[in-house]
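[1] Structure for the following, please:
(one chain, ligands or ions: 1)
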Amino acid sequence: MMEINKILRPHLRNLTPYSSARDEFQGTAEVYLDANENAFGSTAKDTYRRYPDPYQIELKSRIGEIKDIGIEHIFLGNGSDEPIDLLIRAFCNPGTDKIIITPPTYGMYEVSANINNVEIVKVGLSEDFVLDPQRVLEANDPNVKIIFLCSPNNPTGNSIDIKDIIEIVSKAQRLVVLDEAYIDFSSRDSLIHELKNFKNLIILQTFSKAWGLAALRLGMAFANPEIIGILNMIKPPYNINGATQELALNAIKNKEKMLGMVKDMLEQRKVLLLELFKISAVKKVYPSDANFFLVKINNAHEVYLKLIDSKVIVRDRSNVELCGDCLRITVGTKEENLKLIESLKYLGR
Ligand SMILES: Cc1ncc(COP(=O)(O)O)c(C=O)c1O
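    Numbering: from 1, shown residues only. Next up, the predicted model:
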């Protein structure tokens, strides 16, 4: 088993974290004069004059119930982009350490590594976007500290075989971040239940997709308590603002609505797939476990520009490795998908 403290960057092993007013006093009192807040009121809702709970205990408790996991296994970030950056900062020494990514995949792993001056080792997926765990393990030299896997993967939409993920997690002797941003749309289960078996596994999820809360910026990292403690130690003190905590607590009560939206999306995903197949310029629609399709289409960039003329915006991924002539199209509502298909009619059937 890996010893987490040994792989932490040396200068962080004895870090004294910032101690906020809310760290130093957690009980209830009548008069709070400890945080230099505005004693006279707020220009918005009155409760917003107070700093929020730095560890979001109430919100984590609700999330823990939904995910069936203790709050000591949960870190909340300003989007899941925040734990991506914090993990690289905690474990990768700039200029010497490396991360492995498996392109084409979500761009922020590479951007965060670049910001932190951490080398990127790329183990590309096959032409059909399948991951080869052996190649990942071969690329895993002593300076690799984190392996990033994304399932369902963005921008390809497909999932990684669970046995391949487990093979990497169990053999690599490295931290493995499994990004499950799109898991709620997938027919496969989350690997959260594997956390008890693997101390080196970190799972990322987000409220930005199935829950429809992208604007709140709320991401989740699930991992063993030692890793959660490290993220808590280096995060900005109040990284999840009070409005987000409050709105998310209310939104979580709408789990039924979330499930209903997922169901609607799955239906529309089927319809959109059939419609896309009818367009002769569409060369391939890659299978998707997510709320989008990667679509290979003749002259993708021109199609992208034409769609903009029709006021329909999709993502041109043509310049991403292995994604030549590919557009990434989010599954919209019935009306939005009709408009998209209408706008593609000029291509002929
Ligand atoms: C795979 C993947 N991970 C993470 C994120 C970031 O999510 P968040 O909004 O929680 O920062 C995205 C956003 O599109 C994504 O596609």
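
[2] Just the helices from this structure, written as ranges.
    Along the chain, the stretches classed as helices by DSSP state H are 4-7, 21-24, 57-67, 81-91, 108-115, 133-138, 162-171, 225-234, 242-252, 255-277, 300-309, 334-344.

[3] The residue nearest to Y55 when sequence neighbours are not counted and the ligand, how far apart?
    Of all residues not flanking Y55 in the chain, N232 sits nearest, at 6.7 Å (C-beta to C-beta, 6 or more residues apart in numbering). Any C-beta I mention is one placed from the backbone N, CA and C, and that applies to glycine too. Using C-beta to the nearest ligand atom, to the nearest Å, N232 is found at 18 Å from the ligand.

[4] number of nearby residues for N232?
    Neighbours of N232 under the rule other C-beta atoms under 10 Å: 17.

[5] Likewise for T330?
    When neighbours are counted by other C-beta under 10 Å, T330 comes out with 16.

[6] And N239, by the same measure?
    Counted with other C-beta under 10 Å, residues neighbouring N239 total 20.

[7] same thing with E37?
    E37 has 14 neighbours, counted by other C-beta under 10 Å.

[8] Likewise for I168?
    With other C-beta under 10 Å as criterion, I168 counts 23.

[9] That one contacts L149, correct?
    Yes: look at I168 against L149 with C-beta atoms under 8 Å: they come within range, at 6.9 Å.

[10] Common neighbours of the two, please.
    Common neighbours of I168 and L149, counting by C-beta atoms under 8 Å, 6 or more residues apart in numbering, are V176.

[11] Output the set of residues of this structure in proximity to the ligand.
    Residues of the chain that fall close to the ligand, judged by C-beta under 6 Å from any ligand atom: G79, S80, D81, Y106, C150, N154, D179, A181, T206, S208, A214, G219.

[12] how about CSV for those, with distance to C92 added?
    Shown next, in CSV, are the residues of the chain next to the ligand (distance: C-beta to C-beta, whole Å):
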residue, distance to C92
G79, 20
S80, 18
D81, 16
Y106, 17
C150, 18
N154, 22
D179, 17
A181, 21
T206, 22
S208, 25
A214, 27
G219, 19
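
[13] Quick check: the farthest pair among those?
    Greatest spacing in the residues of the chain next to the ligand, by C-beta to C-beta: C150 and A214 (17.5 Å).

[14] quick one, which of the two is more surrounded?
    C150 (24 against 12).
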